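Coordinates only, no sequence provided:
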């Protein structure tokens, strides 16, 4: 019985997917030659392909840049106070709102920068926050 189970497991996890995997690998290596991937450790390659999924949100706050604001401005202090009280899932939703993805791909959070900018509208109470996802800008009315 053990031999049957071993053969069955080998078939299911190895033999049955061998041809589709070889086809995938051939296509993948055509666009992304293996020599380019050898410079990464497995964890680094996962971050490059999948994106970083765990965040130090205080580091995100530290890396932000401001236009028409500074970090001591009341609007900014209120924003970060509320942000840090959000559950993890809502923080990731904010990241998706800001950047178009709830992950940071290709580089670490230490290198991720975004702007918080005052849209300078006449009546800020009538304007909702918005974002420019290409430039990583959060337009935050006062």
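Looks like it arrived, so ask away. All figures in this text were calculated on a predicted structure; none of them were measured in a lab.

and residue 95, that's in a helix?
Yes - using DSSP: H, G, I helix; E, B strand; the rest coil, the secondary structure at residue 95 is a helix.

burial of it, as a residue count?
Residue 95: 19 surrounding residues under other C-beta atoms under 10 Å. Where you see a C-beta, it was placed from the backbone N, CA and C, and this is true even at glycine.

can you confirm residue 131 is in a strand?
Yes - per three-state DSSP, residue 131 lies within a strand segment.

for this structure, what are the low-confidence residue spans?
Counting by pLDDT under 70, the chain contains low-confidence ranges at 105-109.

Outline the domain layout of it.
What the TED database lists as the domains of the chain is 1-39, 57-139.

tell me the most buried of the ones you listed?
By mean neighbour count, with neighbours taken as mean count of other C-beta atoms under 10 Å, domain 57-139 ranks first of the domains of the chain at a mean of 13.

Quote the end-to-end distance of it.
Start-to-end span of domain 57-139 (C-alpha to C-alpha, to the nearest Å) is 19 Å.

Over to stretch 26-38?
Stretch 26-38 end-to-end distance (C-alpha to C-alpha) = 16 Å.

Any chance you could list what contacts it?
residue 45 (C-beta atoms under 8 Å, 6 or more residues apart in numbering).

hmm, try it at 10 Å
25, 44-45, 48-49 (C-beta atoms under 10 Å, 6 or more residues apart in numbering).

repeat for stretch 54-73
75-77, 79-80, 83-84, 86, 88, 91-92, 94-95, 98, 102-104, 108-120, 136-140, 142.

First-to-last residue distance for it?
Using C-alpha to C-alpha, the two ends of stretch 54-73 sit 28 Å apart.
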